[in-house]
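1. Starting from these lines, generate the structure:
(chains A and B)
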Number of protein chains: 2
Amino acid sequence: MSLRIKDVASQAGVSVATVSRVLNNSNSVKPETYEKVLQVIKEMQYKPNAIARSLKVKNTKTIGIMIPDISSYFFPEVVRGIEDVANMYDYNIILCNTDLNRDKEQKYLQVLTEKQVDGMIFMSNIITKELGAKLKSLQIPVVLVSTDYEDLPAVTIDNHEASKRMIEYLIEKGHDRIGMITGKEDDPIAGISRIEGYKKALQDRGREIDCSLIVAGDYRFNSGYQGGKKLLTLSQRPTAIFAASDEMAFGVIKAAAELKLAIPTEIAIAGFDDIDMSQKIVPSLTTIAQPMYNMGAVGMRLLTKILNGEDIETTKIVLDYSLVERETS
Amino acid sequence: MSLRIKDVASQAGVSVATVSRVLNNSNSVKPETYEKVLQVIKEMQYKPNAIARSLKVKNTKTIGIMIPDISSYFFPEVVRGIEDVANMYDYNIILCNTDLNRDKEQKYLQVLTEKQVDGMIFMSNIITKELGAKLKSLQIPVVLVSTDYEDLPAVTIDNHEASKRMIEYLIEKGHDRIGMITGKEDDPIAGISRIEGYKKALQDRGREIDCSLIVAGDYRFNSGYQGGKKLLTLSQRPTAIFAASDEMAFGVIKAAAELKLAIPTEIAIAGFDDIDMSQKIVPSLTTIAQPMYNMGAVGMRLLTKILNGEDIETTKIVLDYSLVERETS
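-> Take a look at the predicted model:
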């Protein structure tokens, strides 16, 4: 009976994915685990290459992408970045819209595994423990984009810093009462980090945090519109509102227009993302520019490096953001 | 030596694709050709099913989509419609961005053929004779969405009527000088049809066509902005501008704002498409609503029918559009 990778994993007391990472010289394995796995491979007298080959019969030159929704504003540009790099390296793409639905996620993970994609790019907001474990146990390299989880390779920006930076900018502009429409409160990346950044900036400047000025949103237009209405009809209304996505900021603009408040003189508005429309609308939107195209392109490049066994400096890549000042502030 | 489909095609003097269509009971084959091919199949004593099976070893349950650019505003919603129906019928999608580049188109057609996709959805503006012939010669069923070519299955709207309808509406609103920013002038579907609709509406009402009021665009924001600037600085400027895409209409809104012209009192603006942002911007945009999601969903459904050999009433599906009146007019 031939030795299988799971026998090695079992002997070493690690997951199959970990053995696979060791075989691929991945940096994401702890040195002590790495040594231990190599030791077991040696003891069992099997050549890594033979085992590596048993993982997968052949390359399919196909990459799976899991995104929440291709018809949202953020993801098409990221997908375009992925696609352009995939194209350069002759990979094709299978696109899966999960709608942030856990069942769909599971189903697509299954489908992509069956189709033997060479690798996967996973974009979503929240990786639960269950999903994280699942992603780690796949025998397929995964790169996370715009999200993060433990030691999985990931491409992100520093959401906390970016949010803090925007609030500092608004304070410098003379704003004292700054409202925020947040992302999802159970989302560690685009939700919590940005809320914490907002709070930190206020605290650093000795400002008190007024909870009535923080409204929960879900990144989409309507939650921004509703949140904007709520904040702008407070007896003591804010003079600036920071929304954790551009789409929500558009909702705030609409709310301000309905309340006949002048932008930016009566209410300043800032967003997060810098989606393409933000520079095209009137007034154009002040925002944090995420390098969406690059997040996709860098994520895909990282995946090709992993697939080709190239040297990788780090599997946690943090890209630069920038604050773009426009007409709404 | 076993008989191959190309022997039948050669004997019947038709393309392999035509024999394939006959075997799939496609309605897109002329009755006389249909009879002739069946006759040859009979003479050569081969059962259609055996030949049909030789076409392709097995279904890959994969569909190729060719679109100009997933990061534009029109296509993500269409792709979402395709994906949802594909999902229902257990098809996966391989997405190809062509950038309207002929070389990329050729390359992707090759890739999709090699990957043995079961079918293909092609979305683009202009199908040249060369490309049309190529699409017809593939042994893969193709459905066109938002474009059309000869007898290939297609899902569209009546662009000529829709454009005419918008101009009639603007005339009814009291506008006498109506400018137009057109689509591409060599694009029979979204270009020429919409220009002709504009002209027809004016002629029907006994209006003269003033060529200085027609400016060429390319569907994108910048061409709308430039065209808007040009029209709005004419010594006798129009009182309404119709843009052949919403994105161009956003450009006109920006141009009007810079020239401090009030919308809609000094200049009315109308678009075409009804992309998601059109209802979200301030002022919201009057436009022709194309059923983007349905175009994708219906196109994909048509493809599944073709693939399953279901009865098809027509392979030329024209969906309804509607005129959406909003704040810019």
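
2. Now the element after the least confident helix or strand in chain A by mean pLDDT, going C-ward?
-> Comparing helices and strands within chain A by mean pLDDT, DSSP states H and E singles out helix A:48-55 as the least confident, with a mean of 42. Tracing the chain C-terminally past helix A:48-55 and defining elements by DSSP states H and E, one meets strand A:62-67 next.

3. what ranges do the helices span in the stretch 101-250 of chain A?
-> In the stretch 101-250 of chain A, helices defined by DSSP state H, counting those that start in this stretch lie at A:102-114, A:129-137, A:159-172, A:193-204, A:221-232, A:246-258, listed in chain order.

4. Need the winner for burial among these.
-> Looking across the helices of the stretch 101-250 of chain A with neighbours counted as mean count of other CB atoms under 10 Å in any protein chain shown, the highest average goes to helix A:246-258: a mean of 25. Glycine gets a C-beta too; all of them are placed from N, C-alpha and C.

5. ok, the spatially most central residue of chain A to residue A:99 distance?
-> Compute the mean C-alpha point of chain A, and by CA atoms, centre = their mean the closest residue is residue A:146, 1.4 Å away. The span separating residue A:146 from residue A:99 equals 16 Å under the rule CB to CB, to the nearest Å.

6. Report the beta-bridge partner residues of the nearest residue to residue A:170 once chain neighbours are set aside.
-> Nearest residue to residue A:170, sequence neighbours excluded (CB to CB, 6 or more residues apart in numbering or on different chains): residue A:240, at 4.8 Å. Residues in a beta bridge with residue A:240, per DSSP bridges, are residue A:178, residue A:268.

7. May I have the residues that are in contact with residue A:240?
-> Neighbouring residues of residue A:240 by CB atoms under 8 Å, 6 or more residues apart in numbering or on different chains: A:170, A:173, A:175, A:177, A:178, A:179, A:267, A:268, A:269, A:270, A:329.

8. With respect to residue A:21, which of the residues you listed is nearest?
-> Set against residue A:21, the nearest of those by CB to CB is residue A:270 (40.9 Å).

9. Compute the inter-axis angle for whatever helix or strand the closest one lives in and helix A:246-258.
-> Under the assignment given by DSSP H and E, the secondary-structure element containing residue A:270 is strand A:268-273. Per axes from the mean of the first three to the mean of the last three CA atoms, to 10 degrees, the angle that strand A:268-273 makes with helix A:246-258 is 160 degrees.

10. which helix is the longest one in chain A?
-> Among the elements of chain A assigned as helix by DSSP state H, the one spanning the most residues is helix A:292-308.

11. Give me the sheet partners of the next helix or strand after that helix and which way each runs.
-> Downstream of helix A:292-308, the next assigned helix or strand under DSSP H and E is strand A:316-319. Strands that pair with strand A:316-319, judged by DSSP bridges, come out as strand A:154-157 (parallel).

12. Got the domain ranges for chain A?
-> Chain A breaks down by the TED database into domains covering A:5-48, A:62-157+A:292-319, A:159-290.

13. show me the residues around residue A:152 that make contact.
-> The contact partners of residue A:152, taken as CB under 8 Å, 6+ apart, are A:28, A:132, A:135, A:136, A:142, A:143, A:144, A:315.

14. thinking again about what came up before, closest one of the contacts of residue A:240 to chain B?
-> The nearest member of the contacts of residue A:240 to chain B, counting by CB to the nearest CB, is residue A:269 at 11.5 Å.

15. so the closest one touches residue A:253, yeah?
-> Yes - taking contact to mean CB atoms under 8 Å, the distance of 5.9 Å between residue A:269 and residue A:253 places them in contact.

16. got the contact list for the strand holding residue A:270?
-> A:73-74, A:162-163, A:166, A:169-170, A:173, A:175, A:194, A:239-250, A:252-253, A:256, A:263, A:278, A:285-290, A:292, A:328-329.

17. can you list residues touching both of residue A:269 and residue A:253?
-> A:263, A:285, A:328.

18. Could you list the contact residues of the stretch 1-150 of chain A toward chain B?
-> Proximity of the stretch 1-150 of chain A to chain B, by CB under 8 Å from any CB of the partner chain, involves residues A:62, A:69-72, A:76-77, A:79-80, A:83-84, A:92-97, A:111, A:115.

19. And the residue nearest to residue A:170, how far from chain B?
-> As defined by CB to the nearest CB, to the nearest Å, residue A:240 lies at a distance of 18 Å from chain B.
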